[in-house]
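Colleague: Got a predicted structure here, sequence first:
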Amino acid sequence: MLRAHPVEAIRTAERPLIEAAEAAGDPDAVMRRAASGVAHHAAALLRSRTGGVYGRSVVLLVGSGDNGGDALYAGAALRGRGCRVEAVLLHPDRVHARALRALRSAGGRVTTGGVDEVSGAAATPDVVIDGVVGLAGSGPLREPAAARVAALARAGSPFVAVDLPSGVDADTGTVHDAHVRADVTVTFGTLRRAHLLASPTCGRVEVVDIGLAEPASGPLTVHRPDPSEVGRAWPVPGPEDDKYTQGVVAIRAGSGRFPGAAVLCASAAVAATSGMVRYVGSGAADVLAARPEVVCHPSVAETGTAQSWVVGPGAGTGSAAVADIEAILARARPTVLDADALTCIASHPVVLRSARAPVLLTPHAGEFDRLTGGWDRSDRPSALRRYVSDLRNRGIPATVLLKGRVTLVDDGQTTWSVDPGSSWAATAGSGDVLSGMVGALLANGPGGSGVDSGGTGSGGEVAWSAVAAAVVHGEAARAAARRTGGPGAPIGAGDLLRAVPAAISAIRGA
Ligand SMILES: NC(=O)C1=CN([C@@H]2O[C@H](COP(=O)(O)OP(=O)(O)OC[C@H]3O[C@@H](n4cnc5c(N)ncnc54)[C@H](OP(=O)(O)O)[C@@H]3O)[C@@H](O)[C@H]2O)[C@@H](O)CC1
Ligand SMILES: Nc1ncnc2c1ncn2[C@@H]1O[C@H](COP(=O)(O)OP(=O)(O)O)[C@@H](O)[C@H]1O
């Protein structure tokens, strides 16, 4: 399990280290430890990109604080390995003086001017070390850093970010318009929230041991499971199991207008776990043509027992759809509310008040707009926590999964983040696949035992089901894109769906 912490917790954890270094008369000891990790990973990147380290060119973008100091000490270490190192001081009047001396005495070149002053090799260096700003950064990159970063990115040089890519907010993960897109981010002791909230911008994240004690988890810690943990927890039928003990999920999806949603959602539920899937809606014939094992029912009232429900994909937004949601919530089983069900809830918020069992809402950004009446997109985790807390304060046992490249799940106490490492899942109908998978996991009950929780499953169980489904969904998208065209080619939701069994198998073996 990865855990990422807010800046305040990191500053607190670092304080004893800095104080010990100062007491020992070597105030930069921690910084040099950090910098030697940066140099190590920059050298590894140089080796993988150019076949060596000696004689390669390195540009340091040096800001006014300790992040710039790290970059300067890293430059000194790389100079010691034979690199040509040029430091661009973005604020020559505010620079870490001892680190600058270290670079100069190692033979590094120092420039202070604008873009024109860059020497030939430094216009397209073999690697750029981004020490513009780290934990104390706020807002987009300022000039002259923004112009420098843009020119080097255009030239195709790879970036190693020190601590965080500059222009990315450490706590919210907001990626501002002017920012560094890192190939590798080297951080110290423990992850910052942005590493899990803005992972596509951070590239590969390397954590260097600087002697820091891992901060305790708190309400602002962001969690991300390793796919192998999801694999270990994925439900597997045992010798005593039958179709009922593994949990039955009922799906209310599809309509004359959106018949495909029913097929995608119900088929995904079949693929996700063993046990049994029930279906209610106008799409029974199509569902049965795709998955004959699904048990169909004429109405919600006439549907047999289920341990969980999924309602919404392509299910319509009229009064009959709202009545079905009410009837499903009245059954007091864990329920996934997706797609059209979210639109119904947005226009009839009172419906949610009847929820007696946990509900999982799975909006994309536009649906979250409808639910909240507008939210602050520059701070996704806070907007999500606020909304979930508001529902819970009103007695609604809600967990919310906010979709995107980085999917967030929040149950009011814990924030989870899932980044599948590709964006192939951004395709119509893939959300229907996700909701079917989550529903099947919820039916399986706590700990994958298939035990009927009687609708009392905790927020934690619901959140875990949502996170686990999102992990497998992302793996399936990646696998489908690889399978259909070598290194990666566009997929549809049907391709993603067909890749679900292989993705489960892959994470179980991970
Ligand atoms: N603490 C430790 O134990 C260790 C810390 N370590 C390292 O220290 C780093 C934190 O250093 P730090 O606190 O000096 O701040 P840092 O991020 O360099 O910012 C400096 C100044 O930049 C400015 N600025 C803000 N936004 C900006 C923008 N968008 N574009 C341009 N400039 C901007 C702003 O000043 P302003 O101009 O607003 O007055 C800000 O005060 C940390 O990330 C890690 O690398 C490691 O050595 C390991 C041990
Ligand atoms: N840029 C992206 N990268 C990766 N996954 C994405 C991206 N955008 C959306 N997704 C994922 O694709 C799915 C889309 O769901 P949704 O918007 O509900 O689609 P639909 O309603 O067409 O089924 C979600 O699982 C979401 O997390």
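Modeller: Yes, it's here. Ligands and ions are numbered 1, 2, ... in the order given.
Colleague: Indicate the residue of the stretch 401-510 of the chain located nearest to ligand 2.
Modeller: Gly431 (2.2 Å; Cβ to the nearest ligand atom). For every residue, glycine as well, the C-beta is placed using N, CA and C.
Colleague: and that residue, what does it touch?
Modeller: Gly431 makes contacts with Pro313, Asp338, Ala339, Thr362, His364, Lys403, as judged by Cβ atoms under 8 Å, 6 or more residues apart in numbering.
Colleague: Tell me the secondary structure at it.
Modeller: Following DSSP: H, G, I helix; E, B strand; the rest coil, Gly431 is assigned to helix.
Colleague: From Cys265, how far off is it?
Modeller: Spatial separation of Gly431 from Cys265 under the definition Cβ to Cβ, to the nearest Å is 9 Å.
Colleague: Quick check: nearest residue in space to Pro219, chain neighbours excluded?
Modeller: Excluding the flanking residues, the one nearest Pro219 by Cβ to Cβ, 6 or more residues apart in numbering is Gln413, at 6.7 Å.
Colleague: Find me the pLDDT at the residue of the stretch 401-510 of the chain closest to ligand 2, would you?
Modeller: The predicted local distance difference test score for Gly431 is 98.
Colleague: Relative to Arg394, how far out is it?
Modeller: 26 Å.
Colleague: Check Ala365 too.
Modeller: Note on Ala365: its distance to Arg394, by Cβ to Cβ, is 23 Å.
Colleague: per-domain residue ranges of this protein.
Modeller: Per the record, the chain has its domains at 2-212, 227-508, by automatic domain parsing.
Colleague: between the ones you listed, which one is nearest to Gly218?
Modeller: With respect to Gly218, and counting by Cβ to Cβ, the nearest of the domains of the chain is domain 2-212 at 6.6 Å.
Colleague: The closest one vs ligand 2: in contact?
Modeller: No. Applying Cβ under 6 Å from any ligand atom, one finds domain 2-212 out of contact with ligand 2, separated by at least 8.3 Å.
Colleague: For that domain, what is the spacing between the initial and final residues?
Modeller: End-to-end distance for domain 2-212: 16 Å, by Cα to Cα, to the nearest Å.
Colleague: anything in it near ligand 1?
Modeller: Yes. Applying Cβ under 6 Å from any ligand atom, one finds that domain 2-212 is in contact with ligand 1 at 14, 18, 30-31, 34, 63-68, 70, 132-139, 141-142, 145, 162-163, 188.
Colleague: From the centre of the chain, give me the residue that's furthest out.
Modeller: Relative to the C-alpha centroid of the chain, counting by Cα atoms, centre = their mean, Ser105 is the outermost residue, at 42.2 Å.
Colleague: re earlier: what's the overlap in contacts for Gly431 and Cys265?
Modeller: Pro313.
Colleague: Show the contacting residues for the residue of the stretch 101-250 of the chain found nearest ligand 1.
Modeller: Minimum separation of the stretch 101-250 of the chain from ligand 1 (Cβ to the nearest ligand atom) falls at Gly134, amounting to 2.0 Å. Contact analysis of Gly134 by Cβ under 8 Å, 6+ apart lists Gly65, Asp66, Asn67, Asp70, Val162, Asp163, Leu164, Ser166, Ala170.
Colleague: ok, 6 Å please
Modeller: Shown here is Gly134, whose contacts under the criterion Cβ atoms under 6 Å, 6 or more residues apart in numbering are Asn67, Asp163, Leu164.
Colleague: Quick check: residues of the stretch 201-350 of the chain near ligand 2?
Modeller: That would be Ala339, which are the residues of the stretch 201-350 of the chain within reach of ligand 2 (Cβ under 6 Å from any ligand atom).
Colleague: all helices for the stretch 201-350 of the chain, in order.
Modeller: Along the stretch 201-350 of the chain, the stretches classed as helices by DSSP state H, counting those that start in this stretch are 227-233, 259-272, 284-290, 319-330, 340-347.
Colleague: May I have the predicted confidence score for Ala510?
Modeller: Here the pLDDT value assigned to Ala510 is 82.
Colleague: buried sites along the top helix by length along the chain?
Modeller: With residue count as the measure and DSSP state H as the assignment, the chain has helix 459-485 as its longest helix. Judged by neighbour count (16 or more other Cβ atoms under 10 Å), helix 459-485 contains these buried residues: 459, 461-482, 484.
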